[in-house]
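Participant: Pasted the sequence and its predicted model underneath.
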Amino acid sequence: MKNIWLICRKDLTSYFTTWIAYSLLTRTAIVLGFFFYSAVAIFVTRSMQASMMGGGMPMDVNEWVIRPLLMNLAVISLFLIPLIGMRLFAEEKNSGTIELLLTSPARDIEIVLGKWLGGLLFYCCFLAIAALSLGFLFFYGKPDLQPVLLGFLGLLLQGGALIALCTFLSSLTRNQIIAADAGFTVCLLLWVLDWVSAYETAAWAKVLSYISLSSHFEQFVKGVADSRDVVYYLGMIFLWLFLTTRTLESVRWRS
């Protein structure tokens, strides 16, 4: 456990010793701020229009603000996470420090878990910015808390799965650009696989729909915690971290 934490702390610190962390978090805050302002502005405008026409509130704040914002957060993650994961192993290979890492007392699984946890904690900084925005809604109103908490749980699980995927892709190359490009491609593909269910009902289409990230995340945004969705994300995390460990073992044998 000590080795995992040391590697995690080293990687997390390395994000903030360069411009990477500050650039990503600043741009993310700007985009999230625009999404949040637009969602609230639309909600207020529609509410005022309904009130002037003698009607009630068009929809509650969860439907008009929180759910769209959480879905947008999930989509932004598809762009952000490959940038977080691209450097985890590719940078070590490119700088030549991978040999030092592999000859350290840490086992392969400890190295992988430490790298993955460091990326996940940095992703949590992104979630903290989003939580700060939504906090204003609770300060001025009374939205339903359960969908918000489950939505962030879904974001955390999805983030963990995608960071594990990008950790694996980063372990396959020494080029960070290639790792980021491959990560974005696979993440986006996993998100849109559910589209086949709109025009196909065959067994293979159902399999692709189940693999899709969006079909599982939508349940969390709706305020529904299904154990099958949790198992799906935990299974994805285990699969990609297992494959990353096997990749490190092959690098160790070749060297």
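Facilitator: Received, thanks. Numbers count the residues shown, from 1 in each chain.

Participant: Just the pLDDT for the residue nearest to residue 133 when sequence neighbours are not counted.
Facilitator: Leaving out its chain neighbours, the residue that sits closest to residue 133 by Cβ to Cβ, 6 or more residues apart in numbering is residue 36, at 4.5 Å. C-betas here are computed from N, CA, C, even on glycine. With respect to pLDDT, residue 36 scores 87.

Participant: Can you spell out which helices and strands pack onto the helix or strand residue 36 falls within?
Facilitator: For residue 36, the host element (DSSP states H and E) is helix 19-52. Helices and strands touching helix 19-52, as assessed by 3 or more Cβ pairs under 8 Å, 6 or more residues apart in numbering; DSSP states H and E, comprise helix 67-85, helix 108-140.

Participant: tilt between it and helix 67-85?
Facilitator: Orientation check (axes from the mean of the first three to the mean of the last three Cα atoms, to 10 degrees): helix 19-52 against helix 67-85 gives 170 degrees.

Participant: How far off centre is the next helix-or-strand element following helix 19-52?
Facilitator: Toward the C-terminal end, the helix or strand that comes next after helix 19-52 (DSSP H and E) is helix 61. Per Cα atoms, centre = their mean, to the nearest Å, the displacement of helix 61 from the mean C-alpha position of its chain is 24 Å.

Participant: Mind checking the pLDDT average for helix 61?
Facilitator: 75.

Participant: Check the residue positioned nearest the centre of the chain and give its pLDDT.
Facilitator: Ranked by distance to the mean C-alpha position of the chain (Cα atoms, centre = their mean), the top residue is residue 159 at 2.6 Å. We note a pLDDT of 94 for residue 159 in this prediction.

Participant: and the nearest residue to it once chain neighbours are set aside, what does it touch?
Facilitator: Computed as Cβ to Cβ, 6+ apart, the closest residue to residue 159 that is not its neighbour in sequence is residue 123, at 4.6 Å. Contacts for residue 123 (Cβ atoms under 8 Å, 6 or more residues apart in numbering) come out as 77, 80-81, 84, 159, 163.

Participant: Out of those residues, which comes closest to residue 1?
Facilitator: residue 163 (19.6 Å; Cβ to Cβ).

Participant: name the element the closest one belongs to?
Facilitator: Going by DSSP H and E, residue 163 is in helix 145-170.

Participant: what's the angle between that helix and helix 67-85?
Facilitator: Using the same axes, to 10 degrees: helix 145-170 against helix 67-85 is 20 degrees.

Participant: after helix 145-170 comes which helix or strand?
Facilitator: Downstream of helix 145-170 (by DSSP H and E), the next one is helix 176-192.

Participant: In that following helix, which residues are buried?
Facilitator: Neighbour-count burial for helix 176-192 flags 176, 179-180, 182-184, 186-187, 190-191 (criterion: 16 or more other Cβ atoms under 10 Å).

Participant: now those in TSV, with pLDDT?
Facilitator: Listed next are the buried residues of helix 176-192 as TSV, based on pLDDT from 0 to 100:
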residue	pLDDT
176	89
179	90
180	91
182	92
183	92
184	93
186	92
187	92
190	90
191	90
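
Participant: Let me have these in a markdown table, extended by distance to residue 95.
Facilitator: Below are these laid out as a markdown table (distance: Cβ to Cβ, whole Å):
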| residue | distance to residue 95 |
| --- | --- |
| 176 | 11 |
| 179 | 14 |
| 180 | 17 |
| 182 | 20 |
| 183 | 20 |
| 184 | 23 |
| 186 | 25 |
| 187 | 25 |
| 190 | 30 |
| 191 | 32 |
